[in-house]
Every structure is written in C-alpha cells, then in structure tokens.
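*Asks:* dropping the sequence and predicted coords here.
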Amino acid sequence: ENCIHAPRRGLIGNWVHLFPDTAYPGPNLDWLHEMVRFFDYWLKGFDNGVMDEPPLPSFRREYTPPEAFPRTMTGEWVSEAVYPIERLQWQEWHLGEGTLTPALLSSVGKGDGAEGIDHYPHRPTLGTRASLCFGGGAAPNGLARDLRPDEALSLTYTSDPLDEPLDILGLPEAILYLSCSEPVAHVVVRLTDVAPDGTSSHVTSGILNLTHRDSHAHPKPLKIDEVYEVHVPLKATGYRFLPGHRVRLSVASAWWPVIWPSPYPADNYLHRGGATPSRLMLPIVPYNSNGQAQSPRFKTTPPELTEVGSGADEEPVWQIIEDVINQSVTVKIYGGDTTVLPDGVRLLESESIEMTAHHTDPAHAHLYNEVTYHLQEHGYEAHIRATGSVRSTESDFHLDIQLEVKLNENVFFQKSWLKSIPRRLA
C-alpha cells in the first residue's frame, strides 16, 4: 500500500506452497511463462502488453466438496480494474443465538438489549479436521476436510441460506467480546461455507493469543472474567458463496496440532448483542461485473523444461490417533524424497514428526521431530541426523536437540542442546 502509484504486477492463485504449474489444488498455469513476459517487458524492453493487463488477477474459489488433497477446486480467475479495489464494501454480520445475520437485517445490534453469553471450554486436542498446517504444502500437509466434527465441539454462528451470490475478496475480521477464567487463552475463528447437504467447507481462518490482544511485542495476561473486545484478522481469501449456501463462523480455543495448546483448562465465554456486539466483518465485492476487468488468458499447459536427473517421493504419512485410556490425541506425519543427478549424486531427505496433546491436561504437550539427509557423492557418503523434542509444562518449554553427522559411517561431528524456555504467556 506504500507504492500504489508505482508500476506493479501480481498473481494470486489457489495453490498450496508449491509451484503453480504442479501444485494442488488446480487449476494450474505456466508461471514461468508469466515471469518471462514480465521480465521481457522490464529487462528487454519488449512491448508485449503485460503491463496493460489488470495489476492483480486472483482465483476466486467456489464451493468444492472438501478433501485433504484436492486435484482442483471450482472457481474462476477475476481481476479488478484498479487496485486497491475501489468498489469494495465492508459488510457487518452480527452473531446471535447460533445465528449470523447481516447488519441491515439484524435485531441484535448495539444498544437493543438483545444480549447473550455463549460458553466454550478449552479443548486442547480440537482441530484435527482442519488443515495440517496454516499454509499448506506437499503431502502430508493436507487441507481441511468436512469441519462438522470440529464444529460440534465449538461455538457456531450460521446464516440463513443465501438468495444470491456473495463475493468476498480480502481479509475478513472477527470482532469479538470475550472473557476467560484464566490469564492465558487462544481464540481460533473459522469462516466456512455450509452446503445445502450440511457439509462445512473451510474458507479462511484466524488465530489470536488473547494476551496479544493489544500488542504482539508487549503481551499482557487476561484479567479473570473481564470482557475484552478483540479483533481477530482472518487470512486473505477470494471466495464466492453460492445461492442456497450458508455462511458460518465458528469459535474455539485450540487448533491442534497447528498451535500449541494454551496451558490452563479454561472456561471461555463469547458475549454478543447489546453493549457487546460481536460481529464478523466481510470485504464484499458486488457480484455484478461493474468495475471488473477482463482477466488474462493464462497458459495452462505445463512448461517445457529440460529434465535434469530424476527423483521419487517417499510414501507420506498423516495419522491421527486417539488414546481413549490416556485421553490424548497424537498426530504422526512423515514425508521424504530422493533426488538423483545425472552424474550419479544421490540425496535422500526425510522428516517425521509426532505430536501429542491431552484432552484434560493442556499444559503437558509433546513434540518429537527427526530429520535426516543422506548424500552419496563420488565414493563418499554423508549422513546427517537431527532430532528434537519439545515438552511443555504450565510454566516452561523444555527442548532437547541432538545433531550427528557421519562421513563414511564414521562420526564426523555431533552436538546436543538442552534448554528450558519460559512460556511467557504462550
């Protein structure tokens, strides 16, 4: 926003943290082709029209049945004539008794006395139906599935079925009035699209450690049972809610294993209506075409690249294990791959992670991580193995890190680190 008058060009796709020509979910495009066009214009002086196109084409998703590794998602490329978007409008949706209502239709606005308080206990192991990480990536880092099992243990606020499309583009925000029985707590909010059959599909989400409600640099503990107005930004999204679908906001205190559980078995409360108008702010772009620009026609065939060497992926692992006796949930993941260069150099890399949290004991969670690299080059073999363990108590994180490097099966280097770090409101 500090260079809105400078020449600029961007592209926002629908992909996880991989290259756009192969990343899931599609549709894919030849991103190298777009880069060549851009640099041909600026570095070679070719007048190819790239800077006459809209400055920020983006993919606007629509409802697609949720799955962890979708091949493609429904939607279309959209572009605005100018950026920042001049026709963007902020729309306010009020939280009621399980309801989510646009402000123009709502009767639970500020000052009308329609107050309510909704209780949600801290559930440290909640969240495994959602994506495995906050940004996505190659398997096993999958996306969210049907979120109804998580929502059954969360607060949910759901709109009536929509009569017409609802387009959002930007960063939604939840403005919530919350109180807590403990000095440290998190809030996790999710915006979902509820299909006519009830399936709840993830749109975007946001997380806030409530001790950071005023500042990330200077967090402050919560005062017990004091009501705070907190602003929770959700990640940027472009999405169209279709007619007949419903908009849902869910509120919880955990997202295991994406965030480490807050340490106390807290009782949390959301206050709504009257003097505590909890609400959702949506960046709305009118669904008519006025103000829209024609999106570029992207090259969708794969780039023509020279293959150098070969490679293969290990079979990924993503397991969620509930221990009924010990009242815990363990998430195990594994990923790895091998790369072979034309001269015979071979590199194997892999990573495994095991994370355990407990239903009723949020302070004591555990993570174990192991990373290996095995390099074979010109008669030499180098093997690197690093392990890490993180255990938490109510007051501290305890770290145990081990590193060992072998050259031709002989120990070349090794080191270990043992450290305890105060949680400091984490």
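*Replies:* Now that the structure is in, tell me what you want to look at. Residues are numbered from 1 along each chain as shown.
*Asks:* correct me if wrong: Y228 contacts V187.
*Replies:* No. Judged on CB atoms under 8 Å, Y228 makes no contact with V187 at a distance of 10.2 Å. Every residue, glycine included, has its C-beta placed from N, CA and C.
*Asks:* the two: which is more packed in?
*Replies:* V187 (24 against 15; other CB atoms under 10 Å).
*Asks:* check the offset of the helix or strand containing that one from the chain's centre.
*Replies:* If you go by DSSP states H and E, V187 is part of strand 186-194. How far strand 186-194 lies from its chain's middle: 11 Å, per CA atoms, centre = their mean, to the nearest Å.
*Asks:* by how many degrees do whatever helix or strand comes next after it and strand 186-194 diverge?
*Replies:* The first helix or strand that comes after strand 186-194 along the chain, using DSSP H and E, is strand 200-209. On the basis of axes from the mean of the first three to the mean of the last three CA atoms, to 10 degrees, strand 200-209 is oriented at 160 degrees to strand 186-194.
*Asks:* common neighbours of Y228 and V187, please.
*Replies:* 178, 210 (CB atoms under 8 Å, 6 or more residues apart in numbering).
*Asks:* run the chain-centre distance for stretch 216-226.
*Replies:* 25 Å.
*Asks:* name the residues of that stretch that are buried.
*Replies:* For stretch 216-226, the neighbour count (16 or more other CB atoms under 10 Å) marks 219, 222 as buried.
*Asks:* now that stretch: average pLDDT?
*Replies:* Average pLDDT, stretch 216-226: 97.
*Asks:* which residues of the stretch 201-350 of the chain score low on pLDDT?
*Replies:* Within the stretch 201-350 of the chain, the stretches with pLDDT under 70 are 288-291.
*Asks:* distance of the most far-flung residue of the chain relative to its centre from E349?
*Replies:* The outermost residue of the chain relative to its centre, with distances by CA atoms, centre = their mean, is G379 at 43.4 Å. Remark: distance between G379 and E349 (CB to CB, to the nearest Å) = 21 Å.
*Asks:* now H218
*Replies:* Relative to E349, and taking CB to CB, H218 is found at 39 Å.
*Asks:* C-alpha coordinates for the helix or strand containing H374, PDB please?
*Replies:* Assigning secondary structure by DSSP H and E places H374 in strand 366-377. The C-alpha trace of strand 366-377 is given here as PDB (Å, rounded to 0.1, in the frame of the first residue of the first chain):
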ATOM      1  CA  HIS A 366       4.900 -33.100  23.500                       C
ATOM      2  CA  LEU A 367       6.600 -32.900  20.000                       C
ATOM      3  CA  TYR A 368       9.300 -35.200  18.700                       C
ATOM      4  CA  ASN A 369      10.900 -34.500  15.300                       C
ATOM      5  CA  GLU A 370      13.500 -36.300  13.300                       C
ATOM      6  CA  VAL A 371      15.200 -35.000  10.100                       C
ATOM      7  CA  THR A 372      17.700 -37.000   8.000                       C
ATOM      8  CA  TYR A 373      19.800 -36.200   5.000                       C
ATOM      9  CA  HIS A 374      21.800 -38.900   3.200                       C
ATOM     10  CA  LEU A 375      24.200 -37.700   0.500                       C
ATOM     11  CA  GLN A 376      26.100 -40.100  -1.800                       C
ATOM     12  CA  GLU A 377      28.700 -38.400  -4.000                       C
END
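*Asks:* now the element after it, going C-ward?
*Replies:* Past strand 366-377, the next helix or strand by DSSP H and E is strand 380-392.
*Asks:* what are the buried residues along whichever helix or strand comes after that next one?
*Replies:* As assigned by DSSP H and E, the chain's next helix or strand after strand 380-392 is strand 396-407. Residues of strand 396-407 classed as buried: 396-397, 406 (neighbour count, 16+ other CB under 10 Å).
*Asks:* would you put the C-alpha positions of strand 396-407 in CSV?
*Replies:* These are the backbone C-alpha positions of strand 396-407, laid out as CSV (Å, rounded to 0.1, in the frame of the first residue of the first chain):
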residue,chain,number,x,y,z
ASP,A,396,8.1,-23.7,30.6
PHE,A,397,9.1,-25.3,27.3
HIS,A,398,11.9,-27.9,27.6
LEU,A,399,14.0,-28.5,24.5
ASP,A,400,16.3,-31.5,23.7
ILE,A,401,18.1,-31.2,20.4
GLN,A,402,20.6,-33.7,19.0
LEU,A,403,22.7,-33.4,15.9
GLU,A,404,25.0,-36.1,14.5
VAL,A,405,27.0,-36.0,11.2
LYS,A,406,28.7,-39.2,9.8
LEU,A,407,31.1,-39.4,7.0
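*Asks:* so whatever helix or strand comes next after that strand versus strand 380-392, what angle?
*Replies:* Sequence-wise, the next helix or strand downstream of strand 396-407 (DSSP H and E) is strand 410-422. Strand 410-422 runs at 20 degrees relative to strand 380-392, counting by the same axes, to 10 degrees.
*Asks:* which outside residues touch strand 410-422?
*Replies:* For strand 410-422, the surrounding residues in contact (CB under 8 Å, 6+ apart) are 382, 395-406.
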